[in-house]
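Chemist: Sequence and computational prediction follow.
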Amino acid sequence: MSAGLKLRALIDQPEMAMLPGAYDALSARIIEQAGFEGMCAGGFAATGARLGEPDTGQMTVLDYADHYGRIVDAVNIPVFVDADTGGGGVNNVRRTVRAFEKAGVAGLFIEDQVFPKRCGYMPGKAVIPVAEMLAKIKAALDARRGPDMVIVARTDSLGIEGIDAAIERARLYREAGADLTFVQGADTIESFTRVCREVPGRQFANISQAAGHVPTIPLDDLQRAGAAAVTFPSLALFAAVSAVTRAMQALRRDRSFEAVAPSLASLPAYNDLVGLAAQQAREDGYTEAANRMVAK
């Protein structure tokens, strides 16, 4: 089964899919090892992990394709990703979809912000005209080499034009053929319930530390409202920043590795995470086969 079909099966099941966000291949393995059936990878986390910078649209399509491809290669569960604005106009969108498809992603969302975009929770956003976004959605759908990849249309208009405009955009995006829609900023149960009620098809929900506040919608309430999936795009990134910061501060403060050691993963646990035993077994198998050929 293709990655796209796996993601479709995951979001079509009655229970809301939970998609934690990976910021690199190692965090992706941790998510898979924890037992999740799918994951996401967002631009906020990618920009922070790769560049150490805020998410203001400076990552290129090829940066993303390389980054997402490494995450996909590290795991066996579907990876849903952030395609930002698609990289520009309809021809850029077409190239983005093809590049991400080659990288092996299961699905992606394209948003209606002006290029270069900003993180959806940052001030200073602007959105493109509706007709321009509809053209991008059509281009994305046509660019797929097969129907499996999930195409989600995201609107960032709620924080700019209000919820009525966001719902109208989401309706039109769904009508244009998007598999699902995602209204960025519908972060209260009232706003998200209204989106689910008034926009055809199931919706993506988002819980992100980038919002700058503690999420207040219980996951059970999101599911009852009609969410097909909920993403946690920056959870792993913020967890890593917190853990590494604490370890470095303790090392500098106490000048003692012993003070830090209890909070670190063990070597056996790390080796298990990165698949050392399987890699060594594969290497031994090739070597033994080659030696048998030489001995004949």
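Modeler: Great, that's in hand.
Chemist: Would you quantify the distance from the residue nearest to F257 when sequence neighbours are not counted to L264?
Modeler: Spatial nearest neighbour of F257, chain neighbours left out: L251 (7.0 Å); criterion: CB to CB, 6 or more residues apart in numbering. Placement of C-beta: from N, CA and C, glycine included. Using CB to CB, to the nearest Å, one gets 11 Å for the distance from L251 to L264.
Chemist: phi, psi of A205?
Modeler: phi -110, psi 160 (degrees, to the nearest 10).
Chemist: same thing with P218?
Modeler: Backbone geometry at P218, expressed as degrees, to the nearest 10, gives phi -60, psi 150.
Chemist: sorry, back to before: and the residue nearest to F257, that one's in a strand?
Modeler: No: secondary structure assignment (DSSP: H, G, I helix; E, B strand; the rest coil) places L251 in helix, not in a strand.
Chemist: number of nearby residues for it?
Modeler: Residues near L251, counting by other CB atoms under 10 Å, number 13.
Chemist: next one: A250
Modeler: Neighbour tally, A250, other CB under 10 Å: 16.
Chemist: Does it touch V260 like I think?
Modeler: Yes: between A250 and V260 there is a contact at 5.1 Å, judged by CB atoms under 8 Å.
Chemist: what about stretch 27-46, distance to the chain center?
Modeler: Distance, stretch centre to chain centre, for stretch 27-46: 8 Å (CA atoms, centre = their mean, to the nearest Å).
Chemist: What's the end-to-end length of it?
Modeler: 12 Å (CA to CA, to the nearest Å).
Chemist: Let's verify A228: helix, strand, or coil?
Modeler: Going by three-state DSSP: A228 is strand.
Chemist: Was I right to think S191 contacts I163?
Modeler: Yes: contact status for S191 versus I163: in contact at 5.8 Å, counting by CB under 8 Å.
Chemist: residues shared between the contacts of these two?
Modeler: Overlap of the contact sets of S191 and I163 (by CB atoms under 8 Å, 6 or more residues apart in numbering) consists of V183.
Chemist: Okay, strands next: where are they in this structure?
Modeler: Under the criterion DSSP state E, the chain contains strands at 17-20, 39-41, 79-82, 107-111, 150-155, 180-183, 203-206, 227-232.
Chemist: what angle do the last one and strand 107-111 make?
Modeler: Relative orientation of strand 227-232 and strand 107-111, computed by axes from the mean of the first three to the mean of the last three CA atoms, to 10 degrees: 80 degrees.
Chemist: Strand 227-232 to strand 150-155, inter-axis angle?
Modeler: Using the same axes, to 10 degrees: strand 227-232 against strand 150-155 is 80 degrees.
Chemist: Can you list the strands that strand 227-232 pairs with?
Modeler: strand 17-20 (parallel), strand 203-206 (parallel) (DSSP bridges).
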